[in-house]
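Q: the following block contains a protein sequence and its predicted model.
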Amino acid sequence: MAEFERERERLADTMDKRGAWPARSPWIREAVDTLPRHAFAPDRLWRWDGGAYTPVDRATDAEQWADEVYADPDTAAVTQVGDGVATSSLSSQGVVVDMLDSLLLEPGHAVLELGAGTGWNAALLARRAAPGRVVSVEVDAELADRARARLAAVGAAVDVEVGDGTKGWPAGAAYDRVMATYAVERVPWAWVEQTRPGGRIVTPWGRLGHVALTVAADGRSASGWMQGLGQFMPARGVPGYAESGYAAVRGREPATRQREFTRDLTVLRDDTHLLFALRVALPDLRISSATDADGVNAWLHDGRSSWAAFSVHDTGRTTAYEGGPRSLTDELELAWDQWLAADRPDVYDHGMTVTATEQFVWVHNPDRVVRGQATASRCGA
C-alpha cells in the first residue's frame, strides 16, 4: 500500500517534531511502522461536517480517506456511527503510542485488551508481547469479526472474543497487563481481580485522560498516576454513552437565573489542567466552548436537567444564564477556586486508587483525596 507512504511519513515526522515517540519504548515506533494504521481502517470512515457525520469512502475518495486515517497525532478516525453518534473509532496515533508506553509491556506478558475496535491496538500489543499472548474482548460481534479478519491478514495471533469488557475475560486470567481502549467512569473491579499482583492496568478515565494502575501485592487494591490527556469514547451501555447533549438538557425554556460572570473564559477553553481538575471535582459536568467575534462563549450541562450558558457581549462583559435545579455556575466557580487554592495541580499531579468497594482520585499522594461534588448556592441568590 505504497500510496499511503507520504501520509504515514508526514504523521511520523509530526510526532518526531513534538517528541511524541517514547524513548523508553522504542519497540512502539517499530511496531507502528510494521503495522500501519490504514491496514486496519475500514473502507468507509466518517467525517464530522459541523452538523452531522458524513461518509468518506476509500473507493471514491482515497485521498480524503487517507487524510482521515493520518490526520494528525491527536485525531481519531471515526469508523462506526449509529443514530448520528460515533460509536467506534481508530484511536489517534499519539494517544495509542502514549498509552502503550504507559503499559510498560514486556515480551511474554499475558495481555487483556478491552475493546478490539479495528484490531490495530491488539496487533501492536501482540507485536511486543508475542503471538498468542493477547486476548481482546469486543462487545460488538460485527466489529469483532472484522478485527479478526484484519489481524489474520497481517499475521497477528490475537484471540478476539465477544463479550462485555467490564467483566474482563476470566478464562484467560491472570494477566500481566490490562489495557482498555474506551473510557470508564469506574474502573471495573474484575480488571483488578484478573491482574496479577504487581501487574499494570492502563485505561482511559472520564473521557479526558488515562491512568496507569499497579495492582498491590495483596491484590486488594490498584493505584497509580494519571498519564496523559485525550478524549475517549465511553463504554457502551453505561451512563454517558448516549447522554443528552446541551440542547436537549436546556430545551426551549428561558433561563430562570442570570448574573455577571467575571472569570476569563479563555482559561476555561485552553487550560487542560483546569479542565481535568473540574472533571475530577464535578464528574457529571460537561463543558464546551466556542469563539465568535466578541470572544469566548461556553456551555455547561449535567446530562439531565441543569445547564448554564456563558455569553460574551460586544462590551467585553460576560453573562451567565442558567436553568434547572443546580447552579452549575456556582459549582464551577467553587471547584475552580479549589484548584487555585491547591496551587493549580496539573494532570500528572493526580492519581487514582481502586478497591473492591470504592474509587477515589487524589492529588500528589493518596492521602490528599479530591472530595466529590462541589455544592454551592443558587446562581444570583
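A: Looks like it arrived, so ask away.
Q: alpha carbons only for contacts and neighbour counts from here, please
A: Will do.
Q: mind checking pLDDT for the residue in the chain sticking out farthest from the centre?
A: With distances taken from the mean C-alpha point of the chain and given as Cα atoms, centre = their mean, the most distant residue is Thr315, at 37.1 Å. Per-residue pLDDT puts Thr315 at 87.
Q: any idea which strand is longest in this protein?
A: Taking DSSP state E as the criterion, the chain has its longest strand at strand 195-205.
Q: off-centre distance for that strand?
A: Averaging C-alpha positions (Cα atoms, centre = their mean, to the nearest Å) puts strand 195-205 16 Å from its chain's average.
Q: for that strand, packing partners?
A: The contact analysis (3 or more Cα pairs under 8 Å, 6 or more residues apart in numbering; DSSP states H and E) places strand 195-205 against helix 93-103, strand 175-180, strand 209-215.
Q: buried residues of the worst-scoring helix or strand of the chain on mean pLDDT, list them for me.
A: The weakest-scoring helix or strand in the chain, judged by mean pLDDT, DSSP states H and E, is strand 85-90 (a mean of 87). Residues 86-90 are the ones in strand 85-90 that count as buried (16 or more other Cα atoms under 10 Å).
Q: quick one, phi/psi of Asp72?
A: Here is the backbone geometry of Asp72 (degrees, to the nearest 10): phi -170, psi 170.
Q: count the residues that sit near it.
A: Using other Cα atoms under 10 Å, Asp72 is surrounded by 18 other residues.
Q: Tyr246 touches Arg304, doesn't it?
A: No - using Cα atoms under 8 Å as the test, Tyr246 is too far from Arg304 to be in contact (9.3 Å).
Q: and Arg58, how many neighbours?
A: Taking other Cα under 10 Å as the criterion, the count of residues near Arg58 is 16.
Q: contact partners for it?
A: By Cα atoms under 8 Å, 6 or more residues apart in numbering, the contact list for Arg58 reads 43-44, 64-66.
Q: again with Thr87
A: For Thr87, the residues meeting the contact criterion (Cα under 8 Å, 6+ apart) are 78-81, 233.
Q: could you say which helix or strand holds Glu7?
A: Using DSSP states H and E, Glu7 sits within helix 5-17.
Q: for the stretch 201-350 of the chain, which spans come out with low pLDDT?
A: Scanning the stretch 201-350 of the chain for pLDDT under 70 picks out the ranges 207, 231-244.
Q: for it, which segments count as helices?
A: 246-250, 265-270, 272-281, 328-341 (DSSP state H, counting those that start in this stretch).
Q: looking at those, which is nearest to Ala290?
A: Set against Ala290 and scored by Cα to Cα, the helices of the stretch 201-350 of the chain come closest in helix 265-270, at 8.1 Å.
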